[in-house]
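S.K.: Fold the following, please.
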Amino acid sequence: MKIINGFEIDKYNVHEIKEGAKTSTCPECSENRKKKTEKCMSVFWDTGLGQCNHCGARVQLHTYKKREDFKKYARPKEEVKSIYSEKFLNYAKEHRKISENTLKILKISEGLEWMPKAKADVHVIKFNYFLDNELINIKYRAKNKDFKLYKDAEKILYNIDAIRTSKQCVIVEGEWDVCSYVEAGIFETVSVPNGFTDKGIPNLDYLDNYYQYFENKDKIFLAVDNDIAGVNGRNELIRRLGTEKCFLVDFKDCKDADEYSNKYGYLELQETLINAQPLPLEYVETLKDFEQDLDDFYLNGSPKGFTTGMNYLDEAYSFEMGQYTVITGAPQSGKSEFLDAMCVKYAIRYKFKVAFASPENKPNKFHADKLLRKIAGFKPKTRTDLDSFNFIQAKDFLQSYFNFVEFNDGFDLTKVLNKFAELVKRKGVRIFVLDPFNKIRFKEYLNKNINDYTSAYMNEIDMFCKKHQCHIFLVAHPIKMQKEEKTNTYKMPTAYDIKGGGEIFDMSYHILALVKDLEKKCVTVKTLKVKFQHLGSADKEFHFAWNINNGRYECVDIDENTKIRIEPKWDNKNWLNQPLEIPKELKFEEIEFDDLEIDENPPF
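M.R.: Below you'll find the predicted structure:
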């Protein structure tokens, strides 16, 4: 088995070059040259690449074993031809300053395609997305900001083959930016497939299956657009790829690499990588780091955090990334069940991926059952139910957005947080659950007194949340509870009733408590602590009814006369097929292309 920089080779030396040779003929251009036997390609066996010194082609010497796709995608059947019209070549040369050679290296093509804005077949530029030299996707570009990707094709990074075995790479935000760096001789450059958004958190799902392409990198240059959307995308890339590898490229007064190269030239574009800066020192900030956020706070105040769509809860509680929330409650009140419902809502509303380290929610198949019922709205009882579109859709969603951490030798906090960090990088997970506090031990501090132990535990969680810009929910049991006088209902716990000492109350950002009220036939939820006013209010109490059909929670009111809940309208519909109202400031779009793609004189 042969491996290059972590990638297992499938077929070795596919062009049958003499092994160890430093030069060879080029499989791209030699056949069409007068001197067919001239060795015009440099061969680099350590990286598995060839570089033609005549046509500029980058050639893979080997093919590599492919991953198994969970989801089956459509594949374009088009033949890619690097034959260009004079109009397109003039446009590329005059308005983009891109040569025909670079167009061929990147296998860009042109042709007719039906486009959504034009509602007709029009002439388009085709940015062809290859993986292992196989056409995976196409972005079609026409005039008037008319874009589309190939229907139902997989989203991958543009030019991803160029970075497989390199030790460094550049990430940009558009295909023309890739062209600019390749024109400057920086071949190891990729682009995100759909730009970034200036609202909410960018969706980088296309990294999940190809994170290994970045594990072997010593340096990753982030050369994304110099605007709000680019900063949002850059921050998410840093979170996923790691601060220690990332270097920031400065385009001065320009938006991106395309504009920069047009204004300053390609030698200056090369200099942007030489002058790229490492990320600022972790855990240290100056005013410059948060000045823009501070100014926005002065002018607009602070927006509410992330919410569930469960109205009564949302009025009193929301959260931000970089924080954690403690969930406590009386025995058999449904702490884990209620938290599951919250996590499902976050996944649907914001497309946040979730990971559970939950020793009490085993085996995982039963935990998955609880989540699936909440998503689909029902529990399947027949093969027909299992094979229904709604339940298959729910399973696909669970597969994409939920992860279950499993250790056969017990759950230790350090080990769990290390696995969580891996899930941040590999899958972009944002929400983590530790359930419960007393079964996920912090072994390094077990010999400390309860206050020191809890303080160290909470500090470890806090640092993790800040570093990875995520949110952790920690389920913590209370001490022995007392029942309300002459009832079977437990008293609502206070924050100081949580096992682990007063440090939990003092150090936590938010604390929610639950009690199953047997007399009122509902679950009562109370905010014991909400640290920041813009995120909610402490000491607010509200009621929920549990839906026996699917495990969902419905907001309910209590009849003032009978002191019993008012029967809610039960929701048994598939949540994936229901539009959920998302706060305007937190919406983000699936597809958003960069604005600079349109010139004053577009070619078509």
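
S.K.: count of neighbours near the spatially closest residue to C470 that is not a sequence neighbour?
M.R.: Nearest residue to C470, sequence neighbours excluded (CB to CB, 6 or more residues apart in numbering): R430, at 5.1 Å. (C-beta placed from N, C-alpha, C; glycine too.) Residues near R430, counting by other CB atoms under 10 Å, number 25.

S.K.: Same question for T189.
M.R.: T189 has 27 neighbours, counted by other CB under 10 Å.

S.K.: N547 now?
M.R.: Using other CB under 10 Å, the number of residues around N547 comes to 18.

S.K.: Need the nearest residue in space to it, chain neighbours excluded.
M.R.: Counting by CB to CB, 6+ apart, the residue nearest N547 is W570, at 5.5 Å.

S.K.: Just say helix, strand or coil for that neighbour.
M.R.: coil (DSSP: H, G, I helix; E, B strand; the rest coil).

S.K.: Begin at 39 from now on, thanks
M.R.: With the count now opening at 39, the last piece we talked about shows up as W608.

S.K.: Might you report the residue contacts of it?
M.R.: Contact partners of W608, counting by CB atoms under 8 Å, 6 or more residues apart in numbering, are N585, N587, E592.

S.K.: Would you agree N428 falls within a helix?
M.R.: Yes: checked against three-state DSSP, N428 lies within a helix.

S.K.: Now it: closest residue in space, sequence neighbours ignored.
M.R.: N428's closest residue in space is N612 (CB to CB, 6+ apart), at 4.5 Å.

S.K.: Next, the buried residues of the top strand by length along the chain.
M.R.: For the chain, the strand with the greatest residue count under DSSP state E is strand 158-169. Residues of strand 158-169 classed as buried by neighbour count (16 or more other CB atoms under 10 Å): V160, H161, V162, I163, K164, F165, N166, Y167, F168, L169.

S.K.: Let's have the residues you listed in a markdown table, adding distance to I604 and pLDDT.
M.R.: Below are these laid out as a markdown table (distance: CB to CB, whole Å; pLDDT from 0 to 100):
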| residue | distance to I604 | pLDDT |
| --- | --- | --- |
| V160 | 58 | 93 |
| H161 | 62 | 93 |
| V162 | 58 | 94 |
| I163 | 60 | 94 |
| K164 | 59 | 95 |
| F165 | 57 | 96 |
| N166 | 59 | 96 |
| Y167 | 55 | 97 |
| F168 | 60 | 95 |
| L169 | 56 | 93 |
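
S.K.: before we move on, back to that, quick one: contacts of the longest strand of the chain?
M.R.: Taking CB under 8 Å, 6+ apart as the rule, strand 158-169 contacts 114, 116, 118, 126, 144-153, 173-181, 184, 191, 194, 196-199, 213, 231, 641-642.

S.K.: Only alpha carbons, please: show that strand as PDB.
M.R.: Extracted C-alpha coordinates of strand 158-169, given in PDB (Å, rounded to 0.1, in the frame of the first residue of the first chain):
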ATOM      1  CA  ALA A 158     -33.800  30.600 -22.100                       C
ATOM      2  CA  ASP A 159     -30.700  28.900 -23.600                       C
ATOM      3  CA  VAL A 160     -27.900  31.400 -23.400                       C
ATOM      4  CA  HIS A 161     -24.200  31.400 -23.900                       C
ATOM      5  CA  VAL A 162     -22.400  30.700 -20.600                       C
ATOM      6  CA  ILE A 163     -19.000  30.200 -19.000                       C
ATOM      7  CA  LYS A 164     -18.600  26.800 -17.400                       C
ATOM      8  CA  PHE A 165     -16.400  26.400 -14.400                       C
ATOM      9  CA  ASN A 166     -15.900  22.700 -14.200                       C
ATOM     10  CA  TYR A 167     -15.400  21.100 -10.800                       C
ATOM     11  CA  PHE A 168     -13.200  18.000 -11.000                       C
ATOM     12  CA  LEU A 169     -12.300  15.400  -8.400                       C
END
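
S.K.: Mind listing the strands that strand pairs with, and their directions?
M.R.: Partner strands and pairing direction for strand 158-169 (DSSP bridges) are strand 147-153 (antiparallel), strand 172-180 (antiparallel).

S.K.: for the shortest one, what is the average pLDDT?
M.R.: Same thing as strand 147-153. Summarised as a single mean, pLDDT over strand 147-153 is 93.

S.K.: Averaged pLDDT, the lengthiest helix in the chain. What do you get?
M.R.: For the chain, the helix reaching the highest residue count under DSSP state H is reported as helix 488-506. Averaging pLDDT along helix 488-506 gives 94.

S.K.: in that helix, what counts as buried?
M.R.: Buried, per 16+ other CB under 10 Å, within helix 488-506: Y491, T492, S493, A494, Y495, M496, E498, I499, D500, F502, C503, H506.

S.K.: ok, and what's touching that helix?
M.R.: Contact with helix 488-506 is made by 277, 320, 359-362, 451-452, 455, 458-459, 462, 472, 475, 480, 482-484, 486, 508-510, 512, 538-542, 545-546, as judged by CB under 8 Å, 6+ apart.

S.K.: pull the CA atoms of that helix into CSV?
M.R.: Extracted in CSV, the C-alpha atoms of helix 488-506 (Å, rounded to 0.1, in the frame of the first residue of the first chain):
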residue,chain,number,x,y,z
ILE,A,488,-15.9,19.7,45.2
ASN,A,489,-15.6,23.4,44.6
ASP,A,490,-12.1,23.1,43.0
TYR,A,491,-13.3,20.2,40.9
THR,A,492,-16.4,22.0,39.6
SER,A,493,-14.4,25.2,38.9
ALA,A,494,-11.8,23.3,36.8
TYR,A,495,-14.6,21.4,35.0
MET,A,496,-16.5,24.6,34.1
ASN,A,497,-13.3,26.4,33.1
GLU,A,498,-12.5,23.5,30.7
ILE,A,499,-15.9,23.8,29.1
ASP,A,500,-15.7,27.6,28.9
MET,A,501,-12.3,27.5,27.2
PHE,A,502,-13.5,24.9,24.7
CYS,A,503,-16.6,26.9,23.8
LYS,A,504,-14.7,30.1,23.3
LYS,A,505,-11.9,28.5,21.2
HIS,A,506,-14.2,26.6,18.9
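
S.K.: Return the distance of that helix from the chain's centre.
M.R.: In terms of CA atoms, centre = their mean, to the nearest Å, the gap separating the centre of helix 488-506 from the centre of its chain is 24 Å.

S.K.: For stretch 454-464, give me every contacting residue.
M.R.: Counting by CB under 8 Å, 6+ apart, 246, 249, 277-280, 391, 393, 395, 441, 443, 445, 467, 470, 472, 478, 498-499, 502, 506, 508 sit against stretch 454-464.
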